[in-house]
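*Asks:* let me see the structure of the following:
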Amino acid sequence: MKQPACVVPFEQGSRLCNVCRLAPATPGLRRCSRVVAHSPAMATLMVKAAPIAASDAPVVIHGESGVGKEVLARALHANSPRRSRAFLAVNVAALPADLLESELFGHVKGAFTGAGADKRGLFEAADGGTLLLDEIAEMPLPLQAKLLRVLQDGEVRRVGDVRPFLVDVRILCATNQDLAACVAGRRFRQDLYYRLHVFGLTVPPLRARIEDIRPLSEMFLAQEGHATGRFTPRARRALERYRWPGNVRELANAVKHGAVLSDGADVDLEHLPEGIVEPPSKAAATPALQTLAEVERAHVLHVLEACGGRQVDAARVLGIGRATLWRKLCRYGAPLEERRRPADT
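*Replies:* As a prediction, this is how the structure comes out:
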């Protein structure tokens, strides 16, 4: 039987969904985050997430880059007994190992050069609440051992300190990698994997949830303060036909593009990014034969463009290392600004 959609009108965001019984809207510092689940794939996910939200167990959220893993994590927190306490998030891949350790666990004055005062870490700041470790597969192995200790004993010790203290934090993790494969490749500790992977939730890519494109695009257009808040029928059709390799993040950027160029009128085809509205030509229906290298080059450059030139995001969507992506860009003769070394991205 077809799974009914999780639907709560945008203007009634405080209500619970009548399917999954979760509140889909979660407040943030800048704007409200909302889970959109009109598609059967997302409705099924939210029904599965409902009992998990009420527990204190760790959860690993899987999904491609840009699908909305943090939005789901915020919904889990907002529907948990910890909802009145802090929700904090850190991108593990964005910080070098020494800085990440201090960010997570804090440090005492004089622990290292530049540590001029005591600093609370995110575990301490999130006490009683929820901590999201985004891109958990990128965490260095030595820090994985320290994280395992926190999960086992609930004890945290600041860098440079000898005194541990207790914390009560629920851990949520997000990744676009196969953690089991990372364990097999010895890039992720097996014991930590089993501690974290009590529950696993996978957010489907946008191409697998076509029914969500219209409500998502209308939500993003409203967030831009657009005068009419509408798309023309042909613009809607173009949005629903596109494959969205950058997922919901790419859709949000496309809507922003349309909101700016439409200048208050309904968003039409000419207001959307060129790659989305390019009509299928006769040549496209029967494409010229290409070598495998030519197909790979076109796909890599398309993903890089869809990710806004961010090599870190593009490498994750492609499932390759940042250094591998950089070497490919050099071989393709990409513009210099697109060929910055992985450390610069």
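*Asks:* when you work out contacts or count neighbours from here on, use the C-alpha atoms and nothing else.
*Replies:* Will do.
*Asks:* right, and residue 80 touches residue 57 too?
*Replies:* No. Using Cα atoms under 8 Å, residue 80 is not in contact with residue 57; the gap is 10.9 Å.
*Asks:* more neighbours: those two, which one.
*Replies:* residue 80 (20 against 15; other Cα atoms under 10 Å).
*Asks:* which one is that one nearest to, not counting chain neighbours?
*Replies:* Nearest residue to residue 80 in three dimensions, chain neighbours excluded: residue 54, at 4.6 Å (Cα to Cα, 6 or more residues apart in numbering).
*Asks:* count the residues that sit near the one you found.
*Replies:* Per other Cα under 10 Å, the neighbour tally for residue 54 reads 15.
*Asks:* try residue 152
*Replies:* Neighbour number of residue 152 under other Cα under 10 Å is 11.
*Asks:* and residue 90, that's in a strand?
*Replies:* Yes. Counting by DSSP: H, G, I helix; E, B strand; the rest coil, residue 90 is found in a strand.
*Asks:* check contacts around the closest residue to it other than its chain neighbours.
*Replies:* Excluding its sequence neighbours, the residue lying closest to residue 90 (Cα to Cα, 6+ apart) is residue 133, at 5.5 Å. By Cα atoms under 8 Å, 6 or more residues apart in numbering, the contact set of residue 133 is 89-92, 171-174.
*Asks:* pull out the buried residues from stretch 240-256.
*Replies:* Of all the residues in stretch 240-256, those buried under the rule 16 or more other Cα atoms under 10 Å are 240, 242, 244-256.
*Asks:* now the element after the helix or strand containing residue 47, going C-ward?
*Replies:* Taking DSSP states H and E as the definition, residue 47 sits inside helix 40-53. Per DSSP H and E, the first helix or strand lying C-terminal to helix 40-53 is strand 59-62.
*Asks:* show residues contacting that following strand.
*Replies:* 69, 73, 171-177, 196-203.
*Asks:* show me just the buried residues among these.
*Replies:* 69, 73, 171-177, 196-197, 201-203.
*Asks:* and residue 330, what's its pLDDT?
*Replies:* At residue 330, the model reports a pLDDT of 78.
*Asks:* sorry, that was for residue 2
*Replies:* 50.
*Asks:* again with residue 304
*Replies:* pLDDT for residue 304: 81.
*Asks:* can you pull out the helices in the stretch 51-200 of the chain?
*Replies:* Applying DSSP state H, counting those that start in this stretch to the stretch 51-200 of the chain gives helices spanning 69-78, 97-105, 122-125, 141-153, 179-184, 190-196.
*Asks:* please identify the most buried of these.
*Replies:* Each of those was scored by mean neighbour count; the highest is helix 69-78, a mean of 24, by mean count of other Cα atoms under 10 Å.
*Asks:* run the angle between that helix and helix 40-53 for me.
*Replies:* With axes from the mean of the first three to the mean of the last three Cα atoms, to 10 degrees defining the directions, helix 69-78 sits at 40 degrees from helix 40-53.
*Asks:* what is helix 69-78 packed up against?
*Replies:* strand 25-26, strand 33-34, helix 40-53, strand 59-62, strand 130-134, strand 170-175 (3 or more Cα pairs under 8 Å, 6 or more residues apart in numbering; DSSP states H and E).
*Asks:* where does this structure dip in pLDDT?
*Replies:* 1-16, 18-19, 27-32, 278-288, 333-345 (pLDDT under 70).
*Asks:* so what are the domain limits for it?
*Replies:* 10-202, 209-280, 292-344 (automatic domain parsing).
*Asks:* so residue 197 sits right up against residue 58, yeah?
*Replies:* Yes. Using Cα under 8 Å, residue 197 makes contact with residue 58 at a distance of 6.7 Å.
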